[in-house]
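Colleague: the sequence isn't on hand, but the structure is:
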């Protein structure tokens, strides 16, 4: 009788395991993401990394990026950037600024460098300034080398109110 009870218990447990759906997708996907992040941090891949625009200083003595109006119909962008997931040996960064009035600035840096640009507006008004800082990597496709930044950018934007407010005495 004890043998039948134990056998019945095994049958019930086996039936429960057959109906048990083991979902490992989240674990596998999370593990793959962690492996990708580790690979980007540890190898000199020259692709797949993402710099970080510092918008909030980590400590009181550190600087943060600013987008601000400046007296005399001007706007100022100063981007403070850290490596984010990029290795310090990564080479190749691009930045782009859309001033909100149809004017843009952009450039390429071999190394991770800070950006400071001053823009003169034609008129007063409210403008949404959009910035991005990207790492790029080379992708070879059908005998052509192209530079790619897809997914490797950090963004920062802010609306500013630009006025002409000359200093006293003018």
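Modeller: Done, it's in. Given the structure is predicted, the values throughout are model-derived calculations rather than measurements.

Colleague: outline the domain layout of this protein.
Modeller: Following automatic domain parsing, the chain resolves into domains at 2-39, 47-162.

Colleague: could you tell me the least trusted of those domains?
Modeller: Ranked by mean pLDDT, those bottom out at domain 2-39, with a mean of 47.

Colleague: quick one: residue 125 and residue 160 touch, right?
Modeller: No - look at residue 125 against residue 160 with C-beta atoms under 8 Å: they stay out of range, at 9.5 Å. Where C-beta positions appear, they are placed from N, C-alpha and C, glycine not excepted.

Colleague: settle it for me: which of the two has more neighbours?
Modeller: Per other C-beta atoms under 10 Å, whichever of residue 125 and residue 160 has more neighbours is residue 160, with 20 against 13.

Colleague: show me the contacts for the residue lying closest to that one once chain neighbours are set aside.
Modeller: Leaving aside its chain neighbours, residue 160 sits nearest to residue 69 (4.5 Å; criterion: C-beta to C-beta, 6 or more residues apart in numbering). When contacts are counted by C-beta atoms under 8 Å, 6 or more residues apart in numbering, residue 69 touches 75, 76, 160, 161, 162, 163.

Colleague: and these as TSV, adding distance to residue 102 and secondary structure?
Modeller: Compiled in TSV, these are given as follows (distance: C-beta to C-beta, whole Å; DSSP: H, G, I helix; E, B strand; the rest coil):
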residue	distance to residue 102	secondary structure
75	13	strand
76	18	strand
160	16	strand
161	18	strand
162	14	strand
163	19	coil
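
Colleague: any quick PyMOL command for the buried ones out of those?
Modeller: Here is the PyMOL selection string for the buried members of these, based on 16 or more other C-beta atoms under 10 Å:
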select buried, resi 75+160+162
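
Colleague: one step back: quickly list what the residue nearest to residue 160 is bridged to.
Modeller: Beta-bridge pairing for residue 69 (DSSP bridges): residue 75.

Colleague: what does residue 133 give?
Modeller: Per DSSP bridges, the residues bridged to residue 133 are residue 95, residue 154.

Colleague: what separates it from residue 52, distance-wise?
Modeller: Remark: distance between residue 133 and residue 52 (C-beta to C-beta, to the nearest Å) = 8 Å.

Colleague: those two - which one has more neighbours?
Modeller: Applying other C-beta under 10 Å to residue 133 and residue 52 shows that residue 133 carries more neighbours, namely 29 against 14.

Colleague: contacting residues for that one?
Modeller: Contacts of residue 133 (C-beta under 8 Å, 6+ apart): 51, 53, 79, 81, 93, 94, 95, 115, 153, 154.
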